[in-house]
Structures are given as structure tokens and as C-alpha cells.
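> Need a 3D model of the following:
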Amino acid sequence: MIKKILIIDDSSISIKIMKSCIPKDKDYELFDAVDGQRGVEKYKEVNPDLTFMDLTMPVMDGFQALAEILKFDQSAMVIVCTADVQIKAIAKAHDLGAFSVVKKPPAKESIAAAIKEAELALTERG
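Here you go, the predicted model:
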């Protein structure tokens, strides 16, 4: 069951938009970080059930942060949320272990669907 969600994005506006897209009826605990390095630190601190992560960020990009998070927690559930929808970037994110990719700007429907998909996958994992 998803209770804690971490949003890693260097844009405070994107974080705000993402938070507004997350369904309010589930009482999720929301956390955020403004770059990949802080995102990895925050992940280790709060151990979220689900992470939404941008790819293009300063300090440590989303690809590096994804690799670090999965090195720390192989079962991490990370959904990449990016405006970079080039096939190469999406393939690289999947190859590194991202659960799925949603494009920016996010829509309530796509975020709700991504959360539902992640919840289902977590349930199947046991």
C-alpha cells in the first residue's frame, strides 16, 4: 500500500503541480527534494513507497539519482516524470529500473493511473 510519496524535481512549480495531481482522497504523506542528490538523501531518510522523479536536474540528474536509489533499495518504485520524452531517454530510464515514465506537465488522470499501476505492482510483489 502506498502511503509515502517523494517528488524529486528542481522546479518548485513542477513540485507544486505534481502535488496538485496526486489524489487527495488517500491521505498520502508527501515529501520533496530539489535535486537528485537531495532526492537520494531524502529517499534514504523517509523510505517512500513511491517516488516521482524528473530527469533533468542540477547537482545529480535523474538517471544518476535513480541508479543511486536502486543501489540503496532494489525494490524502490520510481516513476520518471519528465518533459524529455525522447525514446532514448525513456529507454535509458527503464533500463536503469524506473517503473514507468509519465510526461510533463502531468495531468491528474495520468498521475492517478501511474499511482494505481504502482499500487497494483507492489501488491503483486507481496
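> how about the spatially most central residue of the chain, secondary structure?
In the chain, the residue lying closest to the centroid (C-alpha atoms, centre = their mean) is Phe52, at 1.5 Å. Following DSSP: H, G, I helix; E, B strand; the rest coil, the label given to Phe52 is strand.
> For this structure, which segments count as helices?
Ranges of helices within the chain are 12-21, 36-46, 62-72, 87-96, 108-125, based on DSSP state H.
> Need those helices in a markdown table (columns: mean neighbour count and mean pLDDT).
For the C-beta atoms, the positions are set from N, CA and C on the backbone; glycine is no exception. Converted to a markdown table, the helices of the chain look like this (neighbours: other C-beta atoms under 10 Å; pLDDT from 0 to 100):
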| stretch | mean neighbour count | mean pLDDT |
| --- | --- | --- |
| helix 12-21 | 16 | 95 |
| helix 36-46 | 19 | 98 |
| helix 62-72 | 19 | 97 |
| helix 87-96 | 14 | 91 |
| helix 108-125 | 14 | 93 |
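> Please convert these to a markdown table, extending it with distance to Leu6.
Listed next are the helices of the chain as a markdown table, based on distance: least, C-beta to C-beta, whole Å:
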| stretch | distance to Leu6 |
| --- | --- |
| helix 12-21 | 11 |
| helix 36-46 | 6 |
| helix 62-72 | 9 |
| helix 87-96 | 16 |
| helix 108-125 | 12 |
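> pretty sure Ser75 contacts Phe99?
No. Applying C-beta atoms under 8 Å as the test, Ser75 and Phe99 come out as separate, 10.5 Å apart.
> Determine the residues that are contacts of both of those two.
Counting by C-beta atoms under 8 Å, 6 or more residues apart in numbering, Ser75 and Phe99 have no contacts in common.
> Neighbour count: the two, which is higher?
A count of neighbours by other C-beta atoms under 10 Å puts Phe99 above the other of Ser75 and Phe99, at 18 against 8.
> residue contacts, the more buried one?
Contacts for Phe99 were tallied using C-beta under 8 Å, 6+ apart; they are 77-79, 117-118, 121.
> now those in TSV, with distance to Lys92?
Formatted as TSV, the contacts of Phe99 follow (distance: C-beta to C-beta, whole Å):
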residue	distance to Lys92
Met77	18
Val78	13
Ile79	15
Glu117	20
Ala118	20
Ala121	20
